[in-house]
Structures are given as C-alpha cells and as structure tokens.
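> fold the following for me, if possible:
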Amino acid sequence: MENLGGTKVRQIKKLIECIKNKKKENFKGIITTSSVHSPQGVIVANEAIAIGKPSIVCVGINKKAFEKSKLNHLPLRLAEEVGAEIINVAGTGFNSVLEARAKTLAEENKYDLINFGINMNSYPEAIITSVADQVKNLPDNLDNIIVPCGSGITFAGIMVGLEKYNKKEKRIIGCQISGYDRSKEINKILDIFNLKKQYELFIDKTYPYIKNVDFKISQDFELNVKYESKAFQYFLLHRN
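Numbering: from 1, shown residues only. All right, here's what the predicted structure looks like:
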C-alpha cells in the first residue's frame, strides 16, 4: 500500500524496527488495538507484512455489528485485505478494556503489542524522534506553531524537535480536538527528554473524536477531516 504516509506511519515503522532489533528471533508477530475509525490497524498490518510477520488487529464493538463493521469501515477492510486478522475482543471501544484483552491475546500468541496511541512507555525514543526529526524541515525562525492534538504525542514530539534543531519560535499552540486535556501526557513526554518548554493548549469540545468534519481552505486545499479541520475551525471562531 504505497499511498500510506504521515506521522503515524513513520512512528509505527520506527517502532516495529526497534521491536524487531530488540527481540530478534523471538519476534513472532504484532498485535495492535485500534478504533474502527483509525488507520492504525491497517498501518500496523502493512508494516508487519512488509517484514514477513503476521498481525492481529483488536477492536471493541457490539458483536452483532462486528461483521458489518468490517465492511463499513475502510480501515478494518484494508487491514484485512493486507493480511491482518481482525478480532473483536470486547463489546466496547474503551482503551483500557481493549488493551487488557489484547495483552492477554499477545501473551498467548507470543506476539508484541502496539497499543492504540502507540507504545510511549516502552519505546519513547522511537516514537518521539520519528516526529522530532521532521522539524528540521521547518524554517529556523517562526512566529506561531499551531498543532492539532489527539493523544498529544505528535505535539510533544514537535517540541522535542524544536529544541533538537534549535528553532526559534514565539508561540507553540496545541488544539486538542476531542475535548480532553492531554497536558499531563504531554508534560510526561517532555520530562522523559528533560525538556522545559512553554506551550499553550486549547481544548475544543465541539466534536467527538469519531466525528469527521469536512473543511476546505480552497477548492484544491482540503484539510484532514479528523484533526486539521476541527482545529482550524476552532481558531476561526476564537481568533479574537
């Protein structure tokens, strides 16, 4: 699937590389947890098949809706087409439940687990540096950096990159697009890298994460429906 790209692809590619190098011959396969709306499952499946390893994507959804969900949700359909086994491990999509069930499944299969939102605790360097290294492409002097946030990992990684590449910025602004305060998670990541960075975090409660929002800057410039469109509209409404 050559059209896959972006931050999450770089993160998962680097993470699987680190797991492979650490486990060597004990690296049997990958299990991941994912929302039915997220591309994480298909990205993990694609990267696993690229190195000849099997993968399992664990989701949580009503049992009666499971088979229909695989048809209706493109990320699950693509993950299955790539070769992943899709398993409904819970009747709910709550992360804590999914991760507990997936952990048990990983132990039974002797697979490595990549949680939804990525394995920050186990491989922070792999996840953060894959983001931070993209910052070198930014200009050296910046007025405002505005970042749409989900888990806050990318936002923290950008701040690590700003320090690493000695960029000069006046303001660093995050917009959390689904109503959750991720400042604790962001600060925890910055602490791992011994980084003290001043930033602003705005929390938008307009839309839930699963809601897709269409927004075009122009006829040829369409924003990402999950993150960018929500953050852009938030600042349009609150720019004063």
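
> what about residue 95, how many neighbours?
Neighbours of residue 95 under the rule other Cβ atoms under 10 Å: 14. The way it works is simple: take the backbone N, C-alpha and C, and place the C-beta from them, glycine included.

> distance check, it against residue 141.
Plainly put, residue 95 is 39 Å away from residue 141 if you go by Cβ to Cβ, to the nearest Å.

> and if you look at residue 74?
40 Å.

> need the residues that contact the helix or strand hosting residue 11.
Using DSSP states H and E, residue 11 falls within helix 7-23. Contact with helix 7-23 is made by 27, 30, 39-40, 43-44, 47-48, 51, 112, 114, 118-119, 123, 125-127, 129-131, 134, 153-154, as judged by Cβ atoms under 8 Å, 6 or more residues apart in numbering.

> only alpha carbons, please: show that helix as PDB.
This file holds the C-alpha atoms of helix 7-23, laid out as PDB (Å, rounded to 0.1, in the frame of the first residue of the first chain):
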ATOM      1  CA  THR A   7       3.400  10.800  11.200                       C
ATOM      2  CA  LYS A   8       1.700   7.600  12.300                       C
ATOM      3  CA  VAL A   9       3.300   5.600   9.500                       C
ATOM      4  CA  ARG A  10       6.700   6.900  10.500                       C
ATOM      5  CA  GLN A  11       6.100   6.200  14.200                       C
ATOM      6  CA  ILE A  12       4.900   2.600  13.600                       C
ATOM      7  CA  LYS A  13       7.600   1.900  11.100                       C
ATOM      8  CA  LYS A  14      10.300   3.000  13.600                       C
ATOM      9  CA  LEU A  15       8.600   1.200  16.500                       C
ATOM     10  CA  ILE A  16       8.400  -2.100  14.600                       C
ATOM     11  CA  GLU A  17      12.000  -1.700  13.600                       C
ATOM     12  CA  CYS A  18      13.000  -1.200  17.300                       C
ATOM     13  CA  ILE A  19      11.000  -4.300  18.400                       C
ATOM     14  CA  LYS A  20      12.500  -6.400  15.700                       C
ATOM     15  CA  ASN A  21      16.000  -5.400  16.600                       C
ATOM     16  CA  LYS A  22      15.400  -6.000  20.300                       C
ATOM     17  CA  LYS A  23      13.600  -9.300  20.000                       C
END
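
> now the strands for this protein?
Here the chain has its strands, by DSSP state E, at 30-33, 55-60, 85-90, 112-114, 141-149, 168-176, 200-203, 216-218, 221-222.

> format the ones you listed as TSV; extra columns: distance to residue 17, mean pLDDT and mean neighbour count.
Shown next, in TSV, are these (distance: least, Cβ to Cβ, whole Å; pLDDT from 0 to 100; neighbours: other Cβ atoms under 10 Å):
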stretch	distance to residue 17	mean pLDDT	mean neighbour count
strand 30-33	12	92	29
strand 55-60	15	92	25
strand 85-90	22	90	18
strand 112-114	12	89	24
strand 141-149	25	94	16
strand 168-176	28	95	18
strand 200-203	31	96	15
strand 216-218	35	89	9
strand 221-222	32	91	10
